[in-house]
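*Asks:* Predicted coordinates and the sequence they were generated for:
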Amino acid sequence: MLRCTFLLSLLFVAACNAERLPTQRMFVQSINSGSAIDMMSQGQVYRVKLCGVDVAAKQDDRARKLLKKLTELADEEDKALVVVTVRSQGSTITAEVFAPTTNRDEEKSLNSELLAAGLARTSKENCPNQEAYQAIEQDAKERRVGLWGGR
């Protein structure tokens with residue numbers, strides 16, 4: 001219970017940090033890989049790379065399936081994903097991406113969900129919520145899921 005409370009508090013801090021960065025709503029065009037999504041905003045297609053996560057090649061297919069599942073609600077209800085830009089260069093954006101849930105007041109971090117499922121490791125790049133991501137990765141290791149246990 002204490003671990004769950006700790007992780008929730010880290011995600012709350014992460015959400016507060018995210019509010020200070022440029023945010024836009026984008027629509028999924030295709031899932032390019034386990035850590036990159038082609039998305040559209042105002043008629044332009046962008047490659048959005050998920051900040052702070054590195055999907056291992058052997059987990060890429062499972063990561064793509066998880067991203068597809070997480071973004072399906074946005075597709076079904078014509079809702080956009082929330083993209084919090086960390087860096088951008090041309091049509092490539094490195095960002096934290098949030099998907100709607102059935103509870104209209106909540107969103108799920110795609111970055112966090114990949115880590116929690118053990119489908120990705122935290123990367124060395126500078127990401128605003130890196131500490132929260134490292135805690136989520138550590139929890140996945142302790143639960144021995146995905147990369148950390150083969151389940």
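*Replies:* Arrived safely. For clarity, every value in this text was computed on a predicted model and none was experimentally measured.
*Asks:* So for the strand or helix carrying Ile93, what gets flagged as buried?
*Replies:* Element membership for Ile93, per DSSP states H and E: strand 92-100. Of the residues in strand 92-100, Ile93, Thr94, Ala95, Glu96, Val97, Phe98, Ala99, Pro100 count as buried by neighbour count, 16 or more other Cβ atoms under 10 Å. Any C-beta I mention is one placed from the backbone N, CA and C, and that applies to glycine too.
*Asks:* Identify the farthest-apart pair in those residues.
*Replies:* The two members of the buried residues of strand 92-100 with the most space between them (Cβ to Cβ) are Thr94 and Pro100, at 21.6 Å.
*Asks:* Outside of the longest strand belonging to the chain itself, list whatever touches it.
*Replies:* The strand that spans the most residues within the chain, counting by DSSP state E, is strand 23-33. Residues outside strand 23-33 that contact it (Cβ atoms under 8 Å, 6 or more residues apart in numbering): 37-41, 45-48, 55, 60, 63-64, 67-68, 71, 74-75, 80-85.
*Asks:* what residues are up against Thr101?
*Replies:* The contact partners of Thr101, taken as Cβ under 8 Å, 6+ apart, are Leu73, Glu107, Lys108.
*Asks:* Bridge partners for Ala120, pull those for me.
*Replies:* In this entry, Ala120 is beta-bridged to Val55, by DSSP bridges.
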